[in-house]
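# model this:
(2 chains)
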2 protein chains.
Amino acid sequence: MSETPKAEAFSENSLRLAEISNPSSEIVHFPADQPLQLDCGGTLAPFSIAYKTYGTLNADKSNAVLICHALTGDQHVANEHPITGKPGWWTTMVGPGKPVDTDKYFVICTNVLGGCMGSTGPSSPNPDTDGVYGPDFPVITIGDMVRAQARLMDHLGIAQLLCVIGGSMGGMQTLEWAAKYKDRVFSAIPIACAARHSSQNIAFHEVGRQAVMADPDWCQGRYDDEKKLPRKGLAVARMAAHITYLSDQALYRKFGRNLQDRDAVTFGFDADFQVESYLRHQGVSFVDRFDANSYLYITRAMDYFDLAADHDGVLANAFTGTKTRFCLISFTSDWLFPTEESREIVHALNAVAANVSFVEIETDKGHDAFLLHEPELFDTVSGFLNAAAAKRGIVGDNAGGR
Amino acid sequence: MSETPKAEAFSENSLRLAEISNPSSEIVHFPADQPLQLDCGGTLAPFSIAYKTYGTLNADKSNAVLICHALTGDQHVANEHPITGKPGWWTTMVGPGKPVDTDKYFVICTNVLGGCMGSTGPSSPNPDTDGVYGPDFPVITIGDMVRAQARLMDHLGIAQLLCVIGGSMGGMQTLEWAAKYKDRVFSAIPIACAARHSSQNIAFHEVGRQAVMADPDWCQGRYDDEKKLPRKGLAVARMAAHITYLSDQALYRKFGRNLQDRDAVTFGFDADFQVESYLRHQGVSFVDRFDANSYLYITRAMDYFDLAADHDGVLANAFTGTKTRFCLISFTSDWLFPTEESREIVHALNAVAANVSFVEIETDKGHDAFLLHEPELFDTVSGFLNAAAAKRGIVGDNAGGR
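Model prediction:
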């Protein structure tokens, strides 16, 4: 597995390169004779899944909780991020004494298939060439991501997950797990998600992809070979997406029409307004930690997600026979995945008499609320997870070792 | 006034060039000794305002209705568009027997200052150089646009407008007219607008501008000199903006997750979904009729709009002493200019005891509803305008010539 082409290609981005070459995570390499079946009909081999774990797996391997990350997240849930140096993306939720208590549960988070933090994706070496996959990487789906995660669980000897939890695209993976691996998911917490990607969300993703592809430094996806990076295009894509993660009210509360380090508008195109400065920063800093092709592939996977599609459009049929305990959570000001989308899932689960609870949390923080300080979210996850653990027969801390 | 540089520069775009060189509109040229004062502190001279009129001005010039267009609109309200060949953008609203009845009223619509359909803007010849203004055009405001319109009214000898009507940015102009030219506006219909541009809307505009500026063919705004056009960047900007003009529901109703001329997804990055194909078309076709720098300047003018800013942040003070009759209209599914923004204006007008009515129209069509078939909109405008005309002493058709 030659890393050389990549090393040269991401010379602009040495931190990310170093991380990809030597990820600060566990990593499982599935060799060429153990291919991953893909929804597109092809296979991927070899392939690798990078992951982090927190806490201790108990003796009967019944206390494993899988966290599924969102579009631009990764496996670094509760540790300092190796590239950005920032705290993990869900330190509010996961850790000792936190709602997903690592003193009690064995927490796993994988970098998704198609990602760029160690799991195989478009920036991984292509075994058929001297370079990386780039645009030759197969178009993957949420189903493929979950199938790869299931392979990791096989590898770890975990037959059943106590809980699968995720927000946004992580929620889609959670639903996919519950639908496709009914016996392997004791409980599931899909947060701020939907059973299919809406027209509006596909539209926003398409804008982002077109922004990346419009950048001449994208080089038809072969920027790595050309030793370029579509920095501007990816930054624009991130800016557009970032607006959708917030809410009108949250933006108003944070920024209003406040000016950035000036007393009056400049009658120019500099970032006069704080909201402009903030967005530009979001765009520019994103490029340093994320691969442009991964962005294209993962957005596409979300667009393709439609859990009812294989069931004649009847979502309930995706869950027929489920014994999983579900807790769905949505946020009032989330306009990317509005409450109505969660409610449709609840209705489908009700239709198959599933064990389901549903909490809509009042907040003005928009879609990003699932990543922020939301006490009602923490209480809900904590309460549901502990009840599931009790039902599963896990009591006290994992030292009990049932 | 040499047109040669522009003629060469827009060689890719001969239709728009022909229109700019020889607009199918009336046009008033204000010479160098009649400069336009700008809010940035400078002046603009010479300058031109292109406009269309419909109907007949009555003898005492009391039946004039000014229509103000939105961001990417122009003066071609009710006639075939000279570039696209499509019907005028508000043929549902303006024409013989229509709510703004050209058998009764003399309707005027100007291309806004900063625009690209005959009024002076960044693609106009710069008197100080051999080329066009490009990025040397001054940053203009909604106030500047309205000041230029007022100069046109002076030129036409119209002391008072029977009504000023506009949606979106047209609504901002309408509010600016009513606030700054209180004696010249008998009635006003601001539709789907706000008294200041919100953080979220500034954010979306900033994304669009960054998309344009990220295109190397933008050439720091001097694409005209370089004989290029930032087609891809402007198309991405338009795509992002277009989503905000619709609603989640409208997109779902129109497109759902329907595929474009195929039975199954292709596992690729073509426009699998109809909504992608539609958006791409919106982006590509926009470039043929609109100037990229105009897009930057006009979005900036909207960002800067904050009617209360000159009045210690108290919007009501902008309307002190008004005698204008107001009718505000908003749409339930408009998330770009939500009803709440109109309601704030209504509250401010109430605070100064203005004559104001307010209608929130139930529709799922989003912001674009003001351009679409909305019977309640037509009835509201028609009823209000006829009542204003009666109050103003205009009866029957304009042949009465009061």
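
# make it CA atoms for all contacts and neighbour counts henceforth
Fine.

# Contacts only, for the closest residue to chain B within the stretch 301-402 of chain A.
Proximity of the stretch 301-402 of chain A to chain B (CA to the nearest CA) peaks at A:Tyr304, 7.8 Å away. A:Tyr304 makes contacts with A:Thr141, A:Ile142, A:Arg196, A:His197, B:Val265, as judged by CA atoms under 8 Å, 6 or more residues apart in numbering or on different chains.

# again, but for A:Gly157
A:Lys61.

# what about 7 Å?
Listed by CA atoms under 7 Å, 6 or more residues apart in numbering or on different chains, the contact set of A:Gly157 is empty.

# Chain B versus that one, what's the distance?
As judged by CA to the nearest CA, to the nearest Å, A:Gly157 and chain B stand 32 Å apart.

# Phi and psi next, for A:Arg222.
phi -100, psi 40 (degrees, to the nearest 10).

# Which residue is the nearest non-sequential neighbour of A:Leu246?
A:Gly366 (4.6 Å; CA to CA, 6 or more residues apart in numbering or on different chains).

# For burial, what's the neighbour tally of the one you found?
Using other CA atoms under 10 Å in any protein chain shown, A:Gly366 has 27 other residues around it.

# hey, where'd the strands end up in the stretch 251-400 of chain A?
Applying DSSP state E, counting those that start in this stretch to the stretch 251-400 of chain A gives strands spanning A:325-331, A:355-361.

# number of nearby residues for the residue in the stretch 1-150 of chain A that chain B sits nearest to?
The nearest approach of the stretch 1-150 of chain A to chain B comes at A:Val139, 5.2 Å away (CA to the nearest CA). By the criterion of other CA under 10 Å, A:Val139 has 24 neighbours.

# Please tell me I have it right and A:Leu44 contacts A:Ala32.
No: judged on CA atoms under 7 Å, A:Leu44 makes no contact with A:Ala32 at a distance of 8.3 Å.

# quick one: which of those two has more around it?
Shown here are A:Leu44 and A:Ala32; by other CA under 10 Å, A:Leu44 has more neighbours (16 against 12).

# any idea how far A:Ile243 is from that one?
34 Å (CA to CA, to the nearest Å).

# One more: A:Val236?
11 Å.

# which one of these two has more residues nearby?
Neighbours per residue (other CA under 10 Å) separate A:Val236 from A:Ile243, with A:Val236 holding more: 34 against 20.

# what about the more buried one, helix or strand, and which?
Using DSSP states H and E, A:Val236 falls within helix A:231-245.

# Quick check: closest non-adjacent residue to the residue of the stretch 1-150 of chain A closest to chain B.
Per CA to CA, 6+ apart, closest to A:Val139 is B:Phe267, 5.2 Å.

# swap in A:Asn79?
A:Gly88 (4.7 Å).

# Could you find the closest non-adjacent residue to A:Thr43?
Of all residues not flanking A:Thr43 in the chain, A:Gln37 sits nearest, at 4.6 Å (CA to CA, 6+ apart).

# Just give me the neighbour total for that neighbour.
14.

# What segments of the stretch 201-350 of chain A are helices?
Residue ranges of the helices in the stretch 201-350 of chain A, as given by DSSP state H, counting those that start in this stretch, are A:231-245, A:248-254, A:274-287, A:292-304, A:339-351.

# JSON lines for those, including mean pLDDT and distance to B:Ala203?
Converted to JSON lines, those look like this (pLDDT from 0 to 100; distance: least, CA to CA, whole Å):
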{"stretch": "helix A:231-245", "mean pLDDT": "98", "distance to B:Ala203": "7"}
{"stretch": "helix A:248-254", "mean pLDDT": "95", "distance to B:Ala203": "9"}
{"stretch": "helix A:274-287", "mean pLDDT": "96", "distance to B:Ala203": "6"}
{"stretch": "helix A:292-304", "mean pLDDT": "98", "distance to B:Ala203": "21"}
{"stretch": "helix A:339-351", "mean pLDDT": "98", "distance to B:Ala203": "24"}
